[in-house]
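Peer 1: Fold the following for me, if possible:
(2 chains)
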Amino acid sequence: MDYAIQTAISALSFGSFYALGALGIGLLFSILRLINFAHGDFITVGGFALIVPSSAVVATLSIGGFHPALLAICIVALVVVLALISYFLVFQHVQNSSPATMMIVSFALGYTLQNVIIMIYGGRPKAVNIFSELTGRVQLSDGVSVQILQLVIIAVTWILLIALVLFLKRTRVGIQMRAAAEDFRMARMLGVNGKNVIALAFILSGGLAGIMSLLFVTQTGVLTFRMGVPIMLFFFIATVIGGMGSLVGAVVGGYAVGIVSVVLSAILPEQLRGFRDACVFILVIVVLLARPQGLVLTKAAKERV
Amino acid sequence: MLLNVDNITVHYSRLPALRGVSVTVDEGEIVCIVGPNGAGKSTTLLSISGVLNPTEGVITFDGMTINGMSPEAVARAGISQVPEGRHVFTSLNVEENLRIGTSIRKDRSEIEKDFKRVLDIFPVLAERRKQPAGKLSGGEQQMLVIGRALLTNPRIMTIDEPSLGLAPNLVDRVYETLLDLRRERGLTLLIVEQSSERALQAADRLYVLRSGEMQLEGNAADLRDGEKVRQAYFGFEEGAVHEDEVAF
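Peer 2: Now for the predicted structure:
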């Protein structure tokens, strides 16, 4: 029983992390039809911003040494700026192209970011400790102890989800964003400023990426120039499973992938545990065979089918 | 002249969709463009809205050149379009749909008054204020998009096939509403229809468009017997065309 509770919390925490990532991708896709594969690299850049640029083996903290609140604000702001720059410098110029073109451009941007990181920081992994008090464990009851960070990830995710829902439902700009996500051209014909809405989507997506940098680096304690790539793959799968273009779908997909991963780790026999990701992907294929449109249907997807 | 579409040519990739088309609309007028499927009617309206960019020709609105402007800038200038297929935001509720129409406005107190006025004109929208717009019937959706366009406080409203997919009695209601709006608010209207009969009843002036070229232009009163319109519409002399086919 204790093991089950521990696994459940772990699953929720993993799911929350994937849900945040999928949401960052889903926000851009719903409005721009852009699958931003550079999203993972935004997270990487947020991580590297914590340390002093140098190729030395031992990392020296720069922003990472700030007061925790200031640290968080700086990293999130930095990744938001990065996301905005990539919109104005890169994506704006291809936003009328096909989704495939935009996706390839996002790959190019991602590789560029990775190589810029290699140029500045070198290619070797670096150890970084931030928020180290969060990596400790807390005793919930006699047999159950969980990492504080896991609870923090769950809490942060739900606070962000609630904030995002309130923003989209209650504010004028939020309603405009939802309208633009459903029918971009019609929203513009009614005077909704298309450029502002897209820029806002990049800001939100970049903000999520910044927060994930903090969570991810706290969790792993290591920076590598490719660290955003594998998690990006899972975020992407989560958005596909949930249903492209639906934000609810992104969250559902994120939780589905996260929970399944953790549960598989817990129940797979010892010899198969190394193939956990393969098992996850097999389930993904099964889900997509049964529901090619994803778990949550959107109007946009309905039209395309 | 409020709106002047002067000799525009529009291409879809290489193919010309409109060749040298001109349309003018005066303040307070109801002007109809009719023509068969694929004639270029929607293309004309989308060019006015800034969605499509003419390769030749000029579109001016109240003296200002608007071709090349973005759709949101055109909306800001005072042209509101109700496009073909209505395009309600199905996942937004009725009220939110209407609020999108006020995106370009800052005059809060006027917005609230106009909002109430639109709900007065379309009581059914007031009843269903909190329902998702996707759940409305076709007629209600048509009311919603007209109300939404009204809330941009336009000087001219362009409507693409307001009768599409509606039962005849609903079409009558839509047209009654449009005529009322002109009478009460002095709204200028540019309407596109496939059915020339309906257009002849409502319009002050009529254009007939076929294969991307303007075939005929005239006062609706002069064209009411329908013979000239029919010839322009079908592109051949009187013959095998049956009376009630003209309606479609």
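Peer 1: Just want the phi and psi numbers for B:Leu136.
Peer 2: The phi and psi values for B:Leu136, taken as degrees, to the nearest 10, are phi -80, psi 160.
Peer 1: Look up the pLDDT of it for me, please.
Peer 2: We have a pLDDT of 92 for B:Leu136.
Peer 1: ok, now which ones touch it?
Peer 2: Going by Cβ atoms under 8 Å, 6 or more residues apart in numbering or on different chains, B:Leu136 touches B:Val88, B:Val94, B:Arg128, B:Leu144. In short, each C-beta sits where N, CA and C put it, glycine included.
Peer 1: tell me the centre residue of chain B?
Peer 2: Per Cα atoms, centre = their mean, the C-alpha nearest to the average position across chain B is that of B:Ile159, at 1.6 Å.
Peer 1: shouldn't it be in contact with B:Ser80?
Peer 2: No - B:Ile159 lies out of contact with B:Ser80 (Cβ atoms under 8 Å); the separation is 9.3 Å.
Peer 1: any residues in contact with both of these two?
Peer 2: Here B:Ile159 and B:Ser80 share the contacting residues B:Ala149, scored by Cβ under 8 Å, 6+ apart.
Peer 1: one step back: just the element for the residue nearest to the centre of chain B, please.
Peer 2: strand B:156-160 (DSSP states H and E).
Peer 1: ok, and what's touching that strand?
Peer 2: Strand B:156-160 is contacted from outside by B:2-3, B:25, B:41-42, B:45, B:48-49, B:61, B:78-84, B:146, B:149-150, B:178, B:187-192, using Cβ under 8 Å, 6+ apart.
Peer 1: Check the secondary structure at the one residue in chain A that gets nearest to chain B for me.
Peer 2: Nearest to chain B in chain A, going by Cβ to the nearest Cβ, is A:Gly191, at a distance of 3.4 Å. Here A:Gly191 is recorded as coil under DSSP: H, G, I helix; E, B strand; the rest coil.
Peer 1: check contacts around it.
Peer 2: Contact analysis of A:Gly191 by Cβ under 8 Å, 6+ apart lists B:Glu72, B:Ala75, B:Arg76, B:Gly101, B:Ser103, B:Ile104, B:Thr152.
Peer 1: State the pLDDT value of A:His302.
Peer 2: Quick fix: residue A:302 is Lys, not His. We have a pLDDT of 49 for A:Lys302.
Peer 1: What of B:Met214?
Peer 2: B:Met214 carries a pLDDT value of 89.
Peer 1: Phi, psi for it please.
Peer 2: According to degrees, to the nearest 10, B:Met214 has phi -80, psi 130.
Peer 1: just A:Val222 next, same as before
Peer 2: Per-residue torsions, A:Val222: phi -130, psi 140 (degrees, to the nearest 10).
Peer 1: So what does the closest residue to it other than its chain neighbours look like in phi/psi?
Peer 2: Using Cβ to Cβ, 6 or more residues apart in numbering or on different chains and skipping residues adjacent in sequence, the residue nearest A:Val222 is A:Pro125, 5.3 Å away. Per-residue torsions, A:Pro125: phi -70, psi 150 (degrees, to the nearest 10).
Peer 1: residues in contact with the closest residue to A:Thr224 other than its chain neighbours?
Peer 2: For A:Thr224, the nearest residue in space outside its immediate sequence neighbours is A:Pro125; the separation is 4.5 Å by Cβ to Cβ, 6+ apart. For A:Pro125, the contacting residues are A:Val222, A:Leu223, A:Thr224, by Cβ under 8 Å, 6+ apart.
Peer 1: give the contact list for the first one.
Peer 2: Which is A:Val222. A:Pro125, A:Lys126, A:Ala127, A:Val128.
Peer 1: can we see that at 10 Å?
Peer 2: A:Gly47, A:Ala59, A:Pro125, A:Lys126, A:Ala127, A:Val128, A:Asn129, A:Phe216 (Cβ atoms under 10 Å, 6 or more residues apart in numbering or on different chains).
Peer 1: Most neighbours of all those residues, which one?
Peer 2: Counting neighbours by other Cβ atoms under 10 Å in any protein chain shown, A:Gly47 comes out on top of these with 30 neighbours.
Peer 1: so what pLDDT did the residue of chain B found nearest chain A get?
Peer 2: Across chain B, no residue is closer to chain A than B:Ile104, which sits at 3.4 Å (Cβ to the nearest Cβ). B:Ile104 is assigned a predicted lDDT (pLDDT) of 90.
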